[in-house]
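K.L.:
Based on what follows, work out the 3D shape:
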Amino acid sequence: MAKENKVRVYNRLFFKLYLNYAMMLLVTAVLICLIFMQLYKNTTMKSTREELMGQASNISEMMTMNHINTRNYSGFLEYINNQQKIMGLDIWTISNPNAVLPMDERMETNSLEEFSVGYTEYIDLVESAFNNKRVFTIADDEIYQTQTITVAVPVLGVNREVAGALLLKAPVKGLTDIINDILSLIVLSSVVALAISFVIVIIFATELSLPISRMRITALSLAAGNYHSKTGIKRNDELGDLAKTVDILSEKLLENETQRKNLDQMRLDFFANVSHELRTPITVLRAYTETLVDGVVKDEEKVKQYYERMLSECKSMERLIGDLMILSKMQNPDFAIESEPVNLVQVFDDIIRSAGTIAEKKNIKVEITKDSPIIMMLGDYDRLRQMFMVILDNAIKFTEEFKSIYINIAKKDKIIVSIKDEGIGMDENDLANIFEKFYKSSLRQNKSGTGLGLAIAKQIALKHNGNIEVSSKLGEGSTFTFTFPPFELEESTTL
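P.N.:
Below you'll find the model as predicted:
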């Protein structure tokens, strides 16, 4: 068990939580960094490009107005050199050889032929400017060691003809430094965030692991058979629901354990009762058999009496075993009775005919009332007869002479059958135990009983989806009441 409890660090919940949290944080930081750098780069490039394009347009208009239209070319190249120094730009002017009136050579910093040899990467910009287009390009420059933007604008001459092209090239200042600073800040913030997240994950993992650990301890305790164990966790989240489920499991296991113990005790009591019930007749049989075998009794009348007593004991054991088999069958959950429409009035007519002789011997009157001559229910005729016969037989057994027994059969929302006697009644202890197996009161009338009759009657009622209740008072008699679901006969029509 000790080895099983040792969990490697990388398998612990805290490590997995922190790893996932850190990975998520780092991925988020990298994405934000990339997105921010790209946005900053695009914004900076756009701003620089627009500024450079404006400067180029201003210089181009100045060239047209002050030099080309006035044919004043003196001092132009000096002006261009000064602008390069002031603005930190590279400025090129190229004459358009295809124009009718091209820009004067004195305004050129480079001829088209020189440009084609020394600045081949900008030829496309020059050609576009010759076609009266304003264009730009972005490229990495080895001299400036950063990205540069080059713009090209046309220089208009007489009649607005493109007399030449003006190119301005400028580095994007501070872009690399700013990006490096951003990266440093993001790295620093990521380290701080990871340190803070470490504390957060410790708290979060503790809130998760402690309830899980308590549930684990409770589960191990339940596995060891301690069904009183509870988690004691009160939370309004998924862990709280899981803890409630474990506590419910504990309660169910405790209930099952209690039921198991009760069943075990019932089984022990059952075997003890069966052994007790069988021991007496077997002892009697053995005593009489040994007496007859030893020849102690020779008188034929006595021998006959012994045989009759042995036969009586055999019948008693046969009745006991038969009742046990019936009760065992009834208590089997898989046992199903054969149901068919049964007229309860007919069942009681049959019962009264059978028990009438016993009742007449004791001068007991059996009166029956019914709502209708036909009261139908679904059931097993023989089992229903056996059930009601047990109750009626007991009623006759415990009722004194010249008393009455009342049977009522009624059909309302349910079928209700009551059997009331004017017998000696029962006390509270008897009422609480009369349906238990082998329970017999100490009355002399119960001397020959097996104590299984009422238990069998109870099971038969349950198999018919019914119920049996009893009320009684000492000296006033008892009333057994049965309730069953109703049954309606389908009316048939003949064509």
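K.L.:
can you pull the pLDDT of residue 404?
P.N.:
Among the per-residue scores, residue 404 holds a pLDDT of 91.
K.L.:
do the one 5 residues further on as well
P.N.:
Residue-level confidence at residue 409 comes out at 94, pLDDT.
K.L.:
Quick check on it: phi, psi?
P.N.:
phi -120, psi 120 (degrees, to the nearest 10).
K.L.:
That one: what's its closest spatial neighbour, skipping adjacent residues?
P.N.:
residue 370 (4.2 Å; Cβ to Cβ, 6 or more residues apart in numbering). Every residue, glycine included, has its C-beta placed from N, CA and C.
K.L.:
Check the gap between residue 59 and residue 52 for me.
P.N.:
11 Å (Cβ to Cβ, to the nearest Å).
K.L.:
got any residues that touch both of those two?
P.N.:
Taking Cβ atoms under 8 Å, 6 or more residues apart in numbering as the criterion, residue 59 and residue 52 both touch residue 168.
K.L.:
ok so, going back, what's near enough to touch the residue nearest to residue 409?
P.N.:
Residue 370 neighbours (Cβ under 8 Å, 6+ apart): 345, 408-410.
K.L.:
quick one: which of those is nearest residue 476?
P.N.:
residue 408 (17.5 Å; Cβ to Cβ).
K.L.:
May I ask which helix or strand encompasses the closest one?
P.N.:
strand 404-411 (DSSP states H and E).
K.L.:
What strands flank that strand, and is each parallel or antiparallel?
P.N.:
Strand 404-411 pairs in its sheet with strand 365-370 (parallel), strand 415-421 (antiparallel), by DSSP bridges.
K.L.:
Could you single out the most deeply buried of these?
P.N.:
strand 415-421 (a mean of 22; mean count of other Cβ atoms under 10 Å).
K.L.:
Quick one: name whatever helix or strand follows that strand.
P.N.:
helix 428-433.
K.L.:
Centre of the chain to that following helix, how far?
P.N.:
For helix 428-433, the gap between its own C-alpha mean and the chain's C-alpha mean amounts to 45 Å (Cα atoms, centre = their mean, to the nearest Å).
K.L.:
Tell me which other helices or strands it touches.
P.N.:
Helices and strands touching helix 428-433, as assessed by 3 or more Cβ pairs under 8 Å, 6 or more residues apart in numbering; DSSP states H and E, comprise strand 467-473.
K.L.:
Dump the C-alpha coordinates for the strand it packs on into PDB.
P.N.:
Extracted in PDB, the C-alpha atoms of strand 467-473 (Å, rounded to 0.1, in the frame of the first residue of the first chain):
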ATOM      1  CA  ASN A 467     -51.900  -6.100   0.900                       C
ATOM      2  CA  ILE A 468     -53.100  -7.700   4.100                       C
ATOM      3  CA  GLU A 469     -53.700  -5.800   7.400                       C
ATOM      4  CA  VAL A 470     -54.900  -6.900  10.800                       C
ATOM      5  CA  SER A 471     -56.500  -5.100  13.700                       C
ATOM      6  CA  SER A 472     -57.400  -6.800  17.000                       C
ATOM      7  CA  LYS A 473     -58.100  -6.300  20.700                       C
END
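K.L.:
what comes up buried for it?
P.N.:
Neighbour counts using 16 or more other Cβ atoms under 10 Å place 468, 470, 472 of strand 467-473 among the buried residues.
K.L.:
Parallel or antiparallel, list what pairs with it.
P.N.:
Under the rule (DSSP bridges), strand 467-473 has strand 477-484 (antiparallel) as partners.
K.L.:
So for the partner strand, what gets flagged as buried?
P.N.:
477-480, 482-484.
K.L.:
What average pLDDT does stretch 432-443 get?
P.N.:
Stretch 432-443 comes out with an average pLDDT of 69.
K.L.:
And the helices in this structure?
P.N.:
For the chain, the helices defined by DSSP state H occupy 2-5, 13-63, 76-87, 112-118, 123-130, 175-223, 238-294, 300-331, 344-361, 381-397, 428-433, 453-463.
K.L.:
Check which helices and strands the fourth one is in contact with.
P.N.:
With contacts defined as 3+ Cβ pairs under 8 Å, 6+ apart, the packing partners of helix 112-118 are strand 90-95, helix 123-130.
K.L.:
so which of these gets nearest residue 296?
P.N.:
Once the helices and strands packed on helix 112-118 are compared by Cβ to Cβ, helix 123-130 is nearest, at 141.2 Å.
K.L.:
now, of the helices and strands packed on helix 112-118, which is deepest in the fold?
P.N.:
strand 90-95 (a mean of 22).
K.L.:
about what we covered before: could you export the helices of the chain as a markdown table, including distance to residue 106?
P.N.:
Formatted as a markdown table, the helices of the chain follow (distance: least, Cβ to Cβ, whole Å):
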| stretch | distance to residue 106 |
| --- | --- |
| helix 2-5 | 93 |
| helix 13-63 | 12 |
| helix 76-87 | 7 |
| helix 112-118 | 15 |
| helix 123-130 | 19 |
| helix 175-223 | 37 |
| helix 238-294 | 85 |
| helix 300-331 | 124 |
| helix 344-361 | 134 |
| helix 381-397 | 131 |
| helix 428-433 | 131 |
| helix 453-463 | 123 |
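K.L.:
Compare the ones you listed and give me the one nearest residue 230.
P.N.:
With respect to residue 230, and counting by Cβ to Cβ, the nearest of the helices of the chain is helix 238-294 at 5.2 Å.
K.L.:
correct me, but residue 111 touches residue 95?
P.N.:
Yes. Residue 111 is within contact range of residue 95, at 7.1 Å (criterion: Cβ atoms under 8 Å).
K.L.:
which of the contacts of residue 370 tops the neighbour count?
P.N.:
Most neighbours among those, by other Cβ atoms under 10 Å: residue 409, with 20 neighbours.
K.L.:
ok, now which ones touch that one?
P.N.:
Counting by Cβ under 8 Å, 6+ apart, residue 409 has contacts 344-345, 348, 368-371, 375, 415-417.
K.L.:
follow-up on the earlier one: which stretch among the helices and strands packed on helix 112-118 comes nearest residue 178?
P.N.:
Evaluated over these, closeness to residue 178 peaks at strand 90-95, with 22.7 Å, by Cβ to Cβ.
K.L.:
Dump the closest one to CSV, keeping only the CA atoms.
P.N.:
C-alpha atoms of strand 90-95 as CSV (Å, rounded to 0.1, in the frame of the first residue of the first chain):
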residue,chain,number,x,y,z
ASP,A,90,18.8,59.2,-49.9
ILE,A,91,17.4,61.2,-52.7
TRP,A,92,17.8,60.3,-56.4
THR,A,93,16.5,62.2,-59.4
ILE,A,94,16.4,60.5,-62.8
SER,A,95,15.5,62.0,-66.2
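K.L.:
Quick check: mean pLDDT of it?
P.N.:
The model assigns strand 90-95 a mean pLDDT of 91.
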